[in-house]
Each structure stands twice: as structure tokens, then as C-alpha cells.
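Asks: Prediction below, plus the sequence it came from.
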Amino acid sequence: MGSVVRGHPSQCRLKGEAKTPQPTYTHVGCIRLKEGNAVRIEDALPSEVPLAVCLNGEHAMDVRMSPGQAKELVLGHLICEGFIEGPGDFRTFTCGTGWAKATFRMTHRRAASNMSTRARPRGRRDASALKGLKVVRSKVRVRPGQVQAAVERVAASDVHRLTGGVHTCGIFQVPEKGGPPLTISLCDDIGRHNAFDKAVGRAAIQGCDLSGCLVATTGRANSDMVAKCCRAGIPVLASRGATTTLAVKLARTVGVTLIGFAREDRMNIYSHGGRVILDRH
């Protein structure tokens, strides 16, 4: 499976670790009831904005998202849905309040007739959208400590902890000789699929080969997330939360190492556990 940029992961153009962009959130007054007492407080809520996306001249989808990183979202979406191989296929991008337009060169992996979701909400698709996935082939191997560190990094997102209303997704480079994973991109969004697409788009803009990376998410790892990994060429998906039966079945088929409930000193490895280096005593 082709990944974002062919080459070695160390070729990512980074200046230290990527910093999390600050999404917009607003403090809203409310009455909090606790132990029978009513207290007026200012609660931090994540902002939600609509985005109508036009792809190659057609209205393709309507997105509800956290403000910012529209380009990363659209680029990552095109990569994760298999429409393009990487930034080299991305031609033009413009956006304004509530809209974004992009043109790109369609790759052979998806027929042009399937490009438009006809303005359906994202996440609604039939089973045919998961067909034709190629097996992810990567020699990368990860240690449990590296997986835990990546998951802890996304869970520690300030906005995620402050609002409790966003998902955080991160792309991490796995050092060949061990050591902590390097943060390539880290993105928050009210939608876990949005956060995933933003993280992939940001990594693509930096020129990263995702075949040597793992992706960590605070959200549930369902079959759509596994399919996104497959199309982007990411070999390892780790979630702080649960997964689903279809996600496990798909991961075993397409060569993605799927890890769930990665918290503290435990995790469940559901597929392709050979990529996880286990210390045996």
C-alpha cells in the first residue's frame, strides 16, 4: 500500500515536535448541580462550525468540525478515502467562512464516479466503500511503552481535558532503535474522523512517510478508522477506547495492527501482534 511520501520516515521535515494548534472554544454560563447544590459557573465548550466542501467542482460533503485546519482536513480526507496518494496530487485549495474548495488529480484507486458523497453527512457509507483495500506492508515494530506514550500524549491534550468534548488524534514516528515516539502531528476536533483526517493531512504537508508511523486516538476505533489507516499506509492504530468486531475483522484482513484500551500498563492487541515487541522473561 502506498503511503503519503515514499522514502524513510526520518525524512519528515520537522522542527522539533509538532505543537497542537489551539482550537476555538467558548466559556458559556450554566448552572451546575452537584450534591444538591446549584452553582453558577462558566463552562468551557468546544466550538462547532459547518463546512461545505466542494471537490473538483462538485459539492461533495457537509462537515461539522472544530474551527481551523480546513486544508489539513480536506487533504487528509482525500488521502484517507483513497482519492489521492499524497500532497503531490493536491492542486488548489481555497476556503472561507463555512466553505472550502479543492481540486486534485484523481488516482486510479477510486473511480471518479465515487468521489462525491453527494453531500451526505460524513461517516454514512455502504459496505462497498470498504472494498478494494490493499494490504498494509510495513516492517515497523513498536514497543508497548511507545504505544502507551503515544496514547498518553493524545489523552493529555489541553482542549480534550478542558472541554471533554473533542477527540484528539496524533501521528507518531516510531524510532528504529527504540526510544519515545516522535510527535509528527496532533489534532483536536469535535469529530474523531475529522481529527484523524486533520492529523494525516498535517503529516502529509510535512512530507512524512506514514509506513513507519503509528496513529493514536482518544476515540473508538471502528472499521472506518481501520480503513483510513489502510489507505494512508499507516500500519498501527492504537485507541484509548474500544474497538468493534468489524474493525478487528478488517484489520486482520488488511494488515493493520489494531490496539484497544491502551491505558496505563495494559492494552488489548487484536490483530497482527507480531509488530508489537513483547519482552519475554
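Replies: Yep, it's here. Numbering: from 1, shown residues only.

Asks: Tell me which stretches of this protein form strands.
Replies: Residue ranges of the strands in the chain, as given by DSSP state E, are 25-34, 37-46, 49-55, 58-65, 90-96, 99-104, 167-173, 182-189, 213-217, 236-239, 257-263, 266-269.

Asks: As a markdown table, these with mean pLDDT, mean neighbour count and distance to Leu75 would be great.
Replies: C-beta coordinates here come from the backbone N, C-alpha and C atoms, glycine included. Written out in a markdown table, the entries for the strands of the chain read as follows (pLDDT from 0 to 100; neighbours: other CB atoms under 10 Å; distance: least, CB to CB, whole Å):
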| stretch | mean pLDDT | mean neighbour count | distance to Leu75 |
| --- | --- | --- | --- |
| strand 25-34 | 93 | 11 | 24 |
| strand 37-46 | 94 | 12 | 22 |
| strand 49-55 | 97 | 17 | 11 |
| strand 58-65 | 96 | 18 | 13 |
| strand 90-96 | 95 | 13 | 6 |
| strand 99-104 | 96 | 18 | 8 |
| strand 167-173 | 97 | 28 | 13 |
| strand 182-189 | 96 | 26 | 12 |
| strand 213-217 | 97 | 29 | 16 |
| strand 236-239 | 98 | 27 | 20 |
| strand 257-263 | 96 | 22 | 25 |
| strand 266-269 | 96 | 15 | 30 |
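
Asks: Could you name the stretch from those strands that's closest to Lys71?
Replies: strand 90-96 (5.3 Å; CB to CB).

Asks: orientation of that closest one relative to strand 49-55 in degrees?
Replies: Relative orientation of strand 90-96 versus strand 49-55 (axes from the mean of the first three to the mean of the last three CA atoms, to 10 degrees): 150 degrees.

Asks: In a markdown table, list the strands of the chain along with distance to Ala195.
Replies: Formatted as a markdown table, the strands of the chain follow (distance: least, CB to CB, whole Å):
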| stretch | distance to Ala195 |
| --- | --- |
| strand 25-34 | 15 |
| strand 37-46 | 11 |
| strand 49-55 | 14 |
| strand 58-65 | 9 |
| strand 90-96 | 18 |
| strand 99-104 | 17 |
| strand 167-173 | 4 |
| strand 182-189 | 4 |
| strand 213-217 | 7 |
| strand 236-239 | 12 |
| strand 257-263 | 17 |
| strand 266-269 | 20 |
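
Asks: which other helices and strands contact the lowest-mean-pLDDT helix or strand in the chain?
Replies: Scoring the helices and strands of the chain by mean pLDDT, DSSP states H and E places helix 158-163 at the bottom, with a mean of 89. If you count contacts as 3 or more CB pairs under 8 Å, 6 or more residues apart in numbering; DSSP states H and E, helix 158-163 packs onto strand 25-34, strand 37-46, strand 167-173.

Asks: Just send those back as a markdown table, with distance to Asp188 too.
Replies: Output for the helices and strands packed on helix 158-163, formatted as a markdown table (distance: least, CB to CB, whole Å):
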| stretch | distance to Asp188 |
| --- | --- |
| strand 25-34 | 10 |
| strand 37-46 | 8 |
| strand 167-173 | 5 |
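
Asks: What's opposite Arg263 in the beta bridge?
Replies: Beta-bridge partners of Arg263, counted by DSSP bridges, are Arg266.

Asks: hey, what's Cys95 bridged with?
Replies: In this entry, Cys95 is beta-bridged to Ala100, by DSSP bridges.
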